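Asks: Would you be able to build a 3D model of this:
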Amino acid sequence: MNPALLTIGLLVVANIFMTVAWYGHLKLQSTGVSANWPVFVIILVSWGIALIEYCFQVPANRLGFEGNGGPFSLMQLKVMQEVITLVVFVIFSVIAFNDFQLRWNHFAAMLLLIGAVYLVFMK
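Replies: Just a heads-up that it's a prediction; the model follows:
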């Protein structure tokens, strides 16, 4: 398989788990599932989910890094990861939170991040 596509795929999966670990507890709280859970339980559950995230994130970075024979520089990996994070976050938020609304400034910020990806890939 193409190392660039595999790296991007692993980053997407990692960011899905990361988003659930960071923001999923808010959805559980709003539905009443975890409203009475102590914070330390929420943290432990989030850490468990984040461990799965790391199982995808670390291999993605190792495989994709040009220092290991991959196609991406360190900066390219980081900027791609940030854009993937934003895309996953927006999709998650639209699905999980009914009151989440995208505004013009959110789209402007996304365009600037896409511009950052373009700039970081320039030779």
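
Asks: Now for the closest residue to S30 other than its chain neighbours, how many residues are close by?
Replies: Sequence neighbours aside, F97 is the residue nearest to S30 in space, at 7.7 Å (criterion: CB to CB, 6 or more residues apart in numbering). Where you see a C-beta, it was placed from the backbone N, CA and C, and this is true even at glycine. As a burial measure, F97 scores 13 neighbours (other CB atoms under 10 Å).

Asks: do L113 as well
Replies: 15.

Asks: if I pick the nearest residue to it once chain neighbours are set aside, what's in contact with it?
Replies: In this structure, L113 finds its nearest non-sequential neighbour in V83, 5.2 Å apart by CB to CB, 6+ apart. The contact partners of V83, taken as CB atoms under 8 Å, 6 or more residues apart in numbering, are L113, I114, A116, V117.

Asks: Run through the helices of this structure in chain order.
Replies: 3-30, 39-64, 74-96, 104-121 (DSSP state H).

Asks: Narrow the contacts of V83 to just the buried residues.
Replies: A116 (16 or more other CB atoms under 10 Å).

Asks: Closest one to V41 out of the contacts of V83, please.
Replies: When the contacts of V83 are compared for distance to V41 (CB to CB), L113 comes out closest, at 33.9 Å.

Asks: hmm, back to that, look up how far V117 lies from the residue nearest to L113.
Replies: Using CB to CB, to the nearest Å, V83 is found at 6 Å from V117.

Asks: do Q81 as well
Replies: Using CB to CB, Q81 is found at 10 Å from V117.

Asks: do S34 as well
Replies: Using CB to CB, we find S34 at a distance of 35 Å from V117.
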